[in-house]
Structures are given as structure tokens and as C-alpha cells.
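# missing the sequence, but the structure's below:
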């Protein structure tokens, strides 16, 4: 409350026939009148509504699992109580799933006082997958899921995770799905920024983010064989979950917290960080994670400060313009000993540099990567760069 009022109003405004919908509302120990309002809504709504009251579970996973256990429809959609649906959202997403026989449908997300994910909404896609699109960068639970898929694999939200439980669930659904659809030409979901700022994803100890990263990395490693497809997916937990722990806030952390973060990150870097994941990142992202991998916090602080200050890294062209090195702190400093390739821009970043020769560079980089794979130990960057 009061966000729930508009949330439920958006459900009532759905153009999908009310007889084709069911609302299962789980009152997770609320103390603000939510339970009473849900009962009032159930009594007057044209849509069948089931209200479940329970003791507070401490997180979103338990209530979602309770609701999922009661669901009887062909599809389920997890709607957060402070967000809302576009009027045609469910009709369009169900039609997309029925048309293409896909198991997961993503509806375009727009933000209200909050920034939504953007990179996956460029084009409506009848059928895609997690490897050939940007859907790995939207792992929230607010998707349309075919319930048979979830039941077939016994999928439920991990109640041991306070944050990131939706990322785990959604990534597994992507990987198990017989196709994913994207509705990009209609705003299906409005992500609402609360005025009090009390979003679950923004609260809790930093240790919870490491738990979330670990769980997602392990899921990807368990479900996807080693190789380019796994490396592509690993970008997501490294970039979205782990890297922010080594951003501007790290500068303000106490020495004890910094040390603890490095300790928490080390097993993740040892197990899942490798040159193929690294090269899929921008130079400053790769550099920071490399310094975490080799446990060099003092050098890391210099890089974070440089990035926080929004300084422009210089560019050094070599090999007749086929190599662009971005000169972030400690480039070719003997005392740092950071390999040159950490600073080597991939084509998507190098294109902004005048004089870069992309066609020639692609051939050279392919050869260099082959040589790098032959010489680096299987444990990845850390062992190679110490």
C-alpha cells in the first residue's frame, strides 16, 4: 500500500477476458492494510481472486512459491505489488506464446521513477533464446512462463536467497525453454520506483550480492558446457552482480569490508573467470575484475577512482592500427605487471578511436586468441597473470 491499489487496477484494466485469468494474491504478513484491501478486491472483482494470508517469510521467494503452487492456468505471471501492467499486456503476451508455442515471453518494460533494462527491446522477436539475444540482461521474474515448463522441471524460487532469486529462476527457465518470445512494440510492464526507496533489491548486506552471484554462476556452469555459450552467459553475473561491488562504493568501504569483499570474490574468480569472459567486457570492467582476480586492491582503488572521476582514457594504436590499447591506470607499469591484453579494446570499443583498422584487427585478434588459449592455464586469468 498504496502502490497495490494501482497495481490491482492495472489487472482489472486488462483486455484479456476476465474469465481467462485468475489472481492469486499472497499477503506475506503485511501490516499496512494490504490484507484487508485484497479481501475487498476479491469480493468485487470480475476476475476470480484467491487471497492467501501467511506469516512474513522475509523475502519474495516464499510467497511466489505459494502462489505458484496454487496456480492452475496454462501460464503464470509474477506481478510485484508496487508495479503495474499495460492494459493489453497479458493479451499480447499470451497471444505471442500461443502463436509461437514458446515457453517464456518477455514484455517490454518501462520505468516510472526507475531505470528499466533497455538493450533487449529493440525488436519484437517471435522466437529466440538466451544465447542469441540480450534477454540475459533481464532476469527479473516479471515474465510470462508456461506453467507446464515449471512443473515439468519442478522449478521454484530459491528461498535461501534474499536477492537474486528471480535471476536464478528466470535463467533456468530461459535455458530449459523451448523458445522465448519478446514483445518489444508495446509497454507491457511498468517498473515503479518507490518514493521511500525500499526496494528489496536495494536493501540488505553486500554479502547477499555475492551469494546471488555465486548461485547464478553455479547454475550456468551446471547447465551449460564449458565454451563460448557459457562464457557469453557468465558475462551477466560478473557485470551486473559482482562488478558493482567494486565500483565507487568500494572507495568508501572500510578496510575490513574491502578485504572481506576480495575474500568473497576470490573463489568466484578462481572458478568462473577466464580470458573469454574477460574479453566480452569493456576495458575498464575487465581491468577491475582482473585486479580482483589477482587480489590487488591497491591498484583496484586507483582504477575505480579514475572511472568514478569520468576521466577519458587515452588511446594507443599499435600494429598498424589493428590494436587499440586504452590507457587506464597502471598500463605497462612494471610494478603492476598487468598483461597488455587486459587493456586491449575489442572492436565494439575500439571503433570510437580514429585510425583503428577493424578488418585487419579481426584477423590479428583471432590469431592472438588462439595463441593465448594455448598458453594460458585452464584456471584462467589469475594463474596466468600473477
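Yep, it's here. The structure displayed is predicted, hence computed values, not measured ones.

# packing partners for the helix or strand hosting residue 259?
For residue 259, the element it lies in under DSSP states H and E is helix 255-272. Applying 3 or more C-beta pairs under 8 Å, 6 or more residues apart in numbering; DSSP states H and E, one finds that helix 255-272 contacts helix 206-223, helix 283-293, helix 297-308, helix 381-385. C-beta: built from backbone N, CA, C; applies to glycine.

# if you set the cut-off to 10 Å instead, what comes out?
Helices and strands touching helix 255-272, as assessed by 3 or more C-beta pairs under 10 Å, 6 or more residues apart in numbering; DSSP states H and E, comprise helix 206-223, helix 228-236, helix 248-252, helix 283-293, helix 297-308, helix 381-385.

# and among those helices, the most buried is which?
Greatest average neighbour count among those goes to helix 283-293 (a mean of 23), per mean count of other C-beta atoms under 10 Å.

# If you average the pLDDT over that helix, what comes out?
Confidence over helix 283-293, taken as the mean pLDDT, stands at 98.

# Run the chain-centre distance for it.
Remark: helix 283-293 is offset 19 Å from the chain centroid, using C-alpha atoms, centre = their mean, to the nearest Å.

# With stretch 83-101 instead?
Relative to the chain's own centre, stretch 83-101 is displaced by 22 Å; criterion: C-alpha atoms, centre = their mean.

# Quick check: buried residues in it?
By 16 or more other C-beta atoms under 10 Å, the buried positions in stretch 83-101 come out as 83-94, 96-97, 100.

# just checking, which of these belong to helices?
Among those, DSSP state H puts 89, 90, 91, 92, 93, 94, 96, 97, 100 in helices.

# and the fourth one, what does it touch?
This means residue 92. With contacts defined as C-beta atoms under 10 Å, 6 or more residues apart in numbering, residue 92 is in contact with 15, 16, 86, 105, 107, 108, 124, 144, 183, 185, 186, 188.

# would you list those residues in JSON lines and tack on pLDDT, secondary structure and distance to residue 334?
Output for the contacts of residue 92, formatted as JSON lines (pLDDT from 0 to 100; DSSP: H, G, I helix; E, B strand; the rest coil; distance: C-beta to C-beta, whole Å):
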{"residue": "15", "pLDDT": "98", "secondary structure": "coil", "distance to residue 334": "66"}
{"residue": "16", "pLDDT": "97", "secondary structure": "coil", "distance to residue 334": "66"}
{"residue": "86", "pLDDT": "98", "secondary structure": "coil", "distance to residue 334": "58"}
{"residue": "105", "pLDDT": "98", "secondary structure": "strand", "distance to residue 334": "54"}
{"residue": "107", "pLDDT": "97", "secondary structure": "strand", "distance to residue 334": "53"}
{"residue": "108", "pLDDT": "97", "secondary structure": "strand", "distance to residue 334": "51"}
{"residue": "124", "pLDDT": "97", "secondary structure": "coil", "distance to residue 334": "53"}
{"residue": "144", "pLDDT": "98", "secondary structure": "strand", "distance to residue 334": "56"}
{"residue": "183", "pLDDT": "98", "secondary structure": "strand", "distance to residue 334": "54"}
{"residue": "185", "pLDDT": "96", "secondary structure": "strand", "distance to residue 334": "55"}
{"residue": "186", "pLDDT": "97", "secondary structure": "strand", "distance to residue 334": "56"}
{"residue": "188", "pLDDT": "97", "secondary structure": "strand", "distance to residue 334": "54"}
